[in-house]
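[1] quick check, what structure comes out for this input:
(4 chains)
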Number of protein chains: 2
Amino acid sequence: MATRAEVAKLAGVSEATVSYVITGNRKISIPVQKRVQKAMDKLGYRPNRMAQALAGGKSRVIALLFPTAARGVAHVDLEYGLGAAQAAQDLGYHLVMWPTLDRSVQEVIATAKSGLLDGVILMEVALHDERVEQLKDVGIAVGLIGRTATEFGDEVFADRDFDTAAHTALNYIAGLGHKEVAFLTEKTRGKPVVVAALTRTKQAMKAAGKLYGVNVKNFESTTDPDDGAKLLAPILDEIPKITAVISLNPGAMVGLLQETNSRGISVPGRLSLLSMATPESFVSATSPRLTTISPPAYEMGDSAARRLIAHLEGTGVENLPPQLWAGELVVRETTGPAQA
Amino acid sequence: MATRAEVAKLAGVSEATVSYVITGNRKISIPVQKRVQKAMDKLGYRPNRMAQALAGGKSRVIALLFPTAARGVAHVDLEYGLGAAQAAQDLGYHLVMWPTLDRSVQEVIATAKSGLLDGVILMEVALHDERVEQLKDVGIAVGLIGRTATEFGDEVFADRDFDTAAHTALNYIAGLGHKEVAFLTEKTRGKPVVVAALTRTKQAMKAAGKLYGVNVKNFESTTDPDDGAKLLAPILDEIPKITAVISLNPGAMVGLLQETNSRGISVPGRLSLLSMATPESFVSATSPRLTTISPPAYEMGDSAARRLIAHLEGTGVENLPPQLWAGELVVRETTGPAQA
DNA sequence: TTGAAAGCGCTAACAC
DNA sequence: GTGTTAGCGCTTTCAA
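    Okay, the predicted model is just below:
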C-alpha cells in the first residue's frame, strides 16, 4: 500500500502535484503527468479513501435502507439494491446495506454524522414520509425509490410511472373484452404507513378505468397468500361479472392463483390475472405463469443512485436516467379474452 | 458534529482521555469517565469514523460479493446479505453490496488496498476457489458462505450441513415408501466454476441413499424452468419406477412442477417433489406449494459475518453461531406416500 | 491515572 | 505550472 509521498518521491514532484494529477483540479504539464502516472503504476498506488474522506469531508459512501419489517423483504428490493450498488460502484461510490426493522432513521443519522455516510436511499416511501424530513434536517442527502406527495420539487428520486402503468394495464385488459375488473391491493388498516405507490396506483387505475370503459372494483388483502386465496370466493360468487383481476399485491395474487388451481377454476378462461408488482424471477415459480407489468427494479435502483450521487457532487441533471418508469407488459399465461 | 476536542474541553480532560473512555483501552477513574460521558451526551458526540479508520488502520467495513452472472441473482442471496448486514451493524461494522459480473476480485482488492475494506464475504464458493487465495495473498480477510475443499482448516465460513440435509431428505422420502428417486442438479458443463455445494450434496445424497435403501439417480438441467420442464418426460417415461424427485436446482424444480400441472400429472400422487434449495418466500408462488428443506440463509449470512468480524478483531470463537446449517424440513403439498 | 504529541494520508488554500 | 503547509479527527506511544 504505497502512499502518496512515495509516489511523489519516485516521480520527483511534490505530494500535492500527485493529488492534482489524480483529481484533475489543477493544470499539470504533460511530462509531469506522465511521470506521476508512471510512478503510480509502478507502485500500484491507490489513494487512501479514509484519508481522502477525512481531509475532503466526504466518504463517497451511501446507504440503502431495507425496511425489513413491513412485509418481509421482497425480491424486488434486492434488484433495487443491485442496481443502486452497481451504479454507485461505476461512479466511485459504495453502497452499504442497511436493514431497518422499524423505519427508524436514528442510527443512520448517527452514522452519517460520524462521517461514514454521504447520503441515504429510501424505499417504501410514504406520501408524507417523516424520514425524509428527519434526514434532510440534519443535512443528509436523500434519494428515494418512490416519492412523497411533494409535486416534483427538488426531490431526488426514481419512481414508477403509475399513470402509464395503469393505462397499459387497462388498455390491454379492455382490449381483451373485460368490462368488470377487480383491483387487488394491500390492506393498510392498522399499518403504520401507507406507501405512496398504493395511493398513486389507485388513483391512476380509477382514471384509466374511466378512460377505457372498464369498471374497476377495489379489493384488499394482506400480503399473505392464504388471505389472497380467500378473496377468490367473494370475487367470483358475489360479483360474477368480474372476469379479470389486476393486482398490486403480489402475495395475494399468488394465493389467488393457487386457489384457482385447487378449485379447478380456469385461468385465463374464467378469470384473467395480471400482476403489476411481481418481479420476473418470481414469475417462473407460478403456474400458469403470471402476466405482469412490473417495475424495472434494477434500473430504478440505478437511477436513484445516480441521481443521488449527482446531487451530492453538484453535477447537472443532464445524462441521468429517467425518473419515472412504467414497466413493460409481459404477456404470459394468465390473461386471455373475457368469457362471453 | 462535535469533535473530540470539544468533548475534551467541556469535560476538562485531554483529548486522549476521551478516546480512552470510548475504547476502554486504558483505566480511567470513575469520576473522569462520568464527566466525559456527560460531555459526550450533551454534545451528541460521535467519533468520526474516517478519522478512526485513518488513524487506526481499519475501516470496520466489509463487502459482500454478489456473483450476478452465474444464474441471475437468487432471492436467497438477499437473505444471506440481510443476515450479514444486520450482524455487521450489531457489531459496529458495515456491509457494502458488491455486485460482480465475472467473479473477478481485482476491484475489491484495489478497494481494500485503498483502506475502505477490512474483509470480504464470498458466496458461490468453488471447491478450489482462486478468489480465496488471491484475496488472502494480499492480506484481505475472507469469510465464506460455503467452503472450499480445505478440510476444516482455519477457514472462516458458514455453510450447509449437506450430510444432515441429505439424511433428512432421504429419511423422509424413504419413510414415505419411495424406493427410486431422481436427484435434480444444475448442469455444469461449460460452466467456469462448479460450486462446492453441488459436489458435496451429490456425495451426501449418494451415501444417504445407500443408508436408507433408496436408489438415487442424478439428472441435470440448467436453471431455466423450461429446461426443468423438459426433464419430466425422461423421468416418467424412461424410468417409470421413479416416484419422487429431490432437487438442488430450484429453477428446474419449478419448471418440473409447472409441467406436471399442465400435463395433469398428480403431485404428489404420481410424483413427490422435494426441493433442497428453494427459499421460503419463493415457495408461496408455487402451486401446489413445494415441500422444502432449504438452507437458513439469513442465519448463515449472520454467522459468516460474525465469524469474519471475530477473525478481524482477533476475538475468540466461543459464542459464535454454528458453522454448519442443515436446514429444516418443511412439509407442504408436494410430497406424499409412494404409489403402490 | 492522565497528558502531550507524533503520526495516519490525504485536500485545498496560499504562495511563487 | 508547481511547491508548501495547515488542517481533517482520530490512535497510540511516550512521558509524567
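
[2] residues in contact with stretch A:91-99?
    A:60-66, A:68, A:81, A:84-85, A:88-89, A:108, A:117-118, A:120-121, A:305-306, A:309, B:61, B:64, B:81-82, B:85-86, B:89, B:94-97, B:111, B:116 (CB atoms under 8 Å, 6 or more residues apart in numbering or on different chains). In this view, the C-beta of every residue, glycine as well, is placed from N, C-alpha and C.

[3] tell me which of the residues you listed fall in strands.
    A:61-66, A:120-121, B:61, B:64, B:94-97 (DSSP state E).

[4] tell me the one of these nearest DNA strand C?
    Nearest to DNA strand C among these, counting by CB to the nearest atom of the strand, is A:V61 at 15.0 Å.

[5] who's in contact with that closest one?
    With CB under 8 Å, 6+ apart, A:V61 has these contacts: A:Y93, A:H94, A:L95, A:V96, A:L116, A:L117, A:D118, B:V96.

[6] in space, what's closest to A:A87 - neighbours in sequence excluded?
    A:A305 (3.9 Å; CB to CB, 6 or more residues apart in numbering or on different chains).

[7] related to what we said a few turns ago, any chance of a markdown table for the contacts of A:V61, columns distance to A:E186 and neighbour count?
    As requested, the contacts of A:V61 are exported to a markdown table (distance: CB to CB, whole Å; neighbours: other CB atoms under 10 Å in any protein chain shown):
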| residue | distance to A:E186 | neighbour count |
| --- | --- | --- |
| A:Y93 | 33 | 24 |
| A:H94 | 33 | 23 |
| A:L95 | 27 | 26 |
| A:V96 | 28 | 26 |
| A:L116 | 34 | 24 |
| A:L117 | 30 | 23 |
| A:D118 | 33 | 22 |
| B:V96 | 31 | 26 |
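
[8] if we check DNA strand C, which of the residues you listed are in contact?
    By CB under 7 Å from any atom of the strand, no member of the contacts of A:V61 lies near DNA strand C.

[9] tell me the one of these nearest DNA strand D?
    Nearest to DNA strand D out of these is A:L116 (CB to the nearest atom of the strand; 12.1 Å).

[10] find the nearest non-adjacent residue to that closest one, please.
    B:R49 (4.5 Å).

[11] the residue nearest to A:A87 contacts A:V120, correct?
    No. Using CB atoms under 8 Å, A:A305 makes no contact with A:V120, being 11.2 Å away.

[12] so what sits against both of the two?
    Shared contacts of A:A305 and A:V120, counting by CB under 8 Å, 6+ apart, come down to A:I62, A:G143.

[13] the two: which has the busier surroundings?
    A:A305 (32 against 25; other CB atoms under 10 Å in any protein chain shown).

[14] got a list of what the closest residue to A:Y212 other than its chain neighbours touches?
    Spatial nearest neighbour of A:Y212, excluding adjacent residues (CB to CB, 6+ apart): A:A174 at 3.9 Å. The contact partners of A:A174, taken as CB under 8 Å, 6+ apart, are A:Y212, A:G213, A:V214.

[15] if you set the cut-off to 10 Å instead, what comes out?
    Contacts here follow CB atoms under 10 Å, 6 or more residues apart in numbering or on different chains; on that basis A:A174 touches A:V181, A:A208, A:G209, A:L211, A:Y212, A:G213, A:V214, A:A244, A:A338.

[16] on that earlier part again, which of the ones in strands among the contacts of stretch A:91-99 sit farthest apart?
    A:V120 and B:L64 (19.0 Å; CB to CB).

[17] related to what we said a few turns ago, let's see which of the contacts of A:A174 end up in strands.
    A:V181, A:A244.

[18] and DNA strand C, which of the contacts of A:A174 contact it?
    Counting by CB under 7 Å from any atom of the strand, no member of the contacts of A:A174 is near DNA strand C.

[19] buried stuff in the helix or strand encompassing the residue nearest to A:Y212?
    Here A:A174 is covered by helix A:162-175, with elements defined by DSSP states H and E. The neighbour-count check on helix A:162-175 (16 or more other CB atoms under 10 Å in any protein chain shown) flags A:F162, A:D163, A:T164, A:A165, A:A166, A:H167, A:T168, A:A169, A:L170, A:Y172, A:I173, A:A174 as buried.

[20] look up the pLDDT of the third one for me, please.
    The one in question is A:T164. pLDDT for A:T164: 97.

[21] I figured it hits A:A208, correct?
    Yes. At 9.4 Å, A:T164 and A:A208 qualify as touching, with contact defined as CB atoms under 10 Å.

[22] returning to that earlier point: save the ones in strands among the contacts of stretch A:91-99 as CSV, and put in pLDDT too.
    Compiled in CSV, those are given as follows (pLDDT from 0 to 100):
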residue, pLDDT
A:V61, 98
A:I62, 98
A:A63, 98
A:L64, 98
A:L65, 96
A:F66, 93
A:V120, 98
A:I121, 98
B:V61, 98
B:L64, 98
B:H94, 98
B:L95, 98
B:V96, 98
B:M97, 97
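
[23] show me the contacts for the spatially closest residue to A:D102 that is not a sequence neighbour.
    Nearest-residue entry for A:D102: A:A69, 6.1 Å, with adjacent residues in sequence omitted and distances by CB to CB, 6+ apart. With CB under 10 Å, 6+ apart as the criterion, the residues that contact A:A69 are A:P99, A:T100, A:L101, A:D102, A:R103, A:E124, A:P192.

[24] cool, A:E133 as well?
    With CB under 10 Å, 6+ apart, A:E133 has these contacts: A:V105, A:V142, A:T148.

[25] A:Q33: which of those is nearest?
    For the contacts of A:E133, the nearest to A:Q33 is A:V142 (37.9 Å; CB to CB).

[26] need the residues of chain A near DNA strand C, please.
    A:1, A:3-5, A:15-16, A:19, A:22-23, A:25, A:45, A:47-48, A:51-52, A:54-57.

[27] from these, which are also near chain B?
    A:M1, A:Y45, A:P47, A:N48, A:A51, A:Q52, A:L54, A:A55, A:G56, A:G57 (CB under 10 Å from any CB of the partner chain).

[28] can you put those residues in CSV and add neighbour count, distance to A:D77 and secondary structure?
    Output for those, formatted as CSV (neighbours: other CB atoms under 10 Å in any protein chain shown; distance: CB to CB, whole Å; DSSP: H, G, I helix; E, B strand; the rest coil):
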residue, neighbour count, distance to A:D77, secondary structure
A:M1, 15, 36, coil
A:Y45, 22, 37, coil
A:P47, 17, 33, coil
A:N48, 20, 33, coil
A:A51, 17, 34, helix
A:Q52, 21, 31, helix
A:L54, 20, 32, helix
A:A55, 12, 35, helix
A:G56, 12, 31, helix
A:G57, 10, 31, coil
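
[29] I'd say A:V36 and A:I28 touch.
    Yes. The pair A:V36 / A:I28 is scored as a contact, 7.7 Å apart, by CB under 10 Å.

[30] tell me where the model's unsure across chain A.
    Scanning chain A for pLDDT under 70 picks out the ranges A:70-73, A:152, A:340.

[31] same thing but 50
    For chain A, no stretch is flagged by pLDDT under 50.

[32] just the strands in it please.
    Using DSSP E, strands in chain A cover A:61-67, A:94-100, A:119-122, A:141-145, A:156-160, A:180-186, A:215-221, A:244-247, A:272-275, A:291-294, A:324-325, A:328-330.

[33] buried sites along stretch A:312-324?
    A:L312, A:P321, A:Q323, A:L324.

[34] who's in contact with it?
    So stretch A:312-324 is contacted by A:58, A:60, A:62, A:83, A:87, A:91-93, A:118-119, A:141, A:143-144, A:147, A:152, A:155-165, A:296, A:299-300, A:302-307, A:309-311 (CB under 10 Å, 6+ apart).

[35] one more time with 6 Å
    Contact partners of stretch A:312-324, identified using CB atoms under 6 Å, 6 or more residues apart in numbering or on different chains, comprise A:D118, A:G119, A:A141, A:A158, A:D161, A:S303, A:R306, A:R307.

[36] what is the burial count for the second one?
    The one in question is A:G119. 23.

[37] which strand residues bridge it?
    A:I62, A:A141 (DSSP bridges).
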